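Asker: What follows is a predicted structure for the sequence shown.
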Amino acid sequence: MRVLGIDPGTRTTGYGIVDAVNSRLVPVAYGVINNSDREVLSRCFLNIYRGLREVIAHHQPEVAAVENIFYCKNVNSAIKLGEARGVAILAAAGDGLDVFEYMPRKVKQAVVGNGAAEKRQVQLMVKALLGLKEMPAPEDASDALAVAICHAHALPGIAAGAHKV
């Protein structure tokens, strides 16, 4: 099973792809789709959409997992993040992928064993679980890999905490 993990954001959207082969996780690709701070929001959404469609076309994942919103200090930021999530979900669903969402605590629990883990702990465990030589960077790409790992751990029965979108 090839899983696309997505960590949505208006300025930086992370993606990570892993293959779940029997009980092993094999890293396929990871990276980010960046938008300039000067870019208008509508153009950022278009870049996210096109970037994810390109990743999907190139790597052919079978399913997508998206991190859900947990907490935002600013209402406007939460709305923009929700819109970026919507664009990511649309890109994946538009290409025929089933899309699942996970709360950040569930992702951290699945990867680190602690739902309150720090970002650095998540990066270290992603590196270890995937057998990477270097720490996956930037953090958005590492977070996306963590979302993909979380979903891969939920296979085949899709464990509690996964919500199909």
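Answerer: Sure thing, it's come through. Numbering: from 1, shown residues only.
Asker: can we go C-alpha only for contacts and neighbour counts from here?
Answerer: Noted.
Asker: Tell me where the model's unsure across this structure.
Answerer: 70-72, 155-165 (pLDDT under 70).
Asker: helix, strand or coil for the residue of it most remote from its centre?
Answerer: Ranked by distance from the centre of the chain (C-alpha atoms, centre = their mean), the top residue is R38, with 24.3 Å. Secondary structure, DSSP: H, G, I helix; E, B strand; the rest coil: R38 is coil.
Asker: From A64, how far off is it?
Answerer: With distances taken as C-alpha to C-alpha, to the nearest Å, R38 is found 29 Å from A64.
Asker: With T10 instead?
Answerer: For T10 relative to A64 (C-alpha to C-alpha), the value is 19 Å.
Asker: Now do G9: how many residues are near it, please.
Answerer: 24 (other C-alpha atoms under 10 Å).
Asker: Against H153, how distant is it?
Answerer: 24 Å.
Asker: what separates the host helix or strand of E54 from the chain centre, distance-wise?
Answerer: For E54, the host element (DSSP states H and E) is helix 41-59. Averaging C-alpha positions (C-alpha atoms, centre = their mean, to the nearest Å) puts helix 41-59 14 Å from its chain's average.
Asker: buried stuff in that helix?
Answerer: Residues of helix 41-59 classed as buried by neighbour count (16 or more other C-alpha atoms under 10 Å): L41, C44, F45, N47, I48, Y49, R50, G51, L52, R53, V55, I56.
Asker: The fifth one reaches T13, doesn't it?
Answerer: When you say that, I think you mean I48. Yes. Using C-alpha atoms under 8 Å, I48 makes contact with T13 at a distance of 7.0 Å.
Asker: thinking again about what came up before, now the phi/psi pair for the residue farthest from the centre of the chain, please.
Answerer: phi -90, psi -10 (degrees, to the nearest 10).
Asker: quick check, distance from stretch 75-83 to the centre of its chain.
Answerer: Relative to the centre of its chain, stretch 75-83 is centred 17 Å away, using C-alpha atoms, centre = their mean.
Asker: Likewise for stretch 88-99?
Answerer: 13 Å.
Asker: ok, and what's touching that stretch?
Answerer: By C-alpha atoms under 8 Å, 6 or more residues apart in numbering, the surrounding residues in contact with stretch 88-99 are 6, 8, 48-50, 52-53, 56, 61-66, 164-165.
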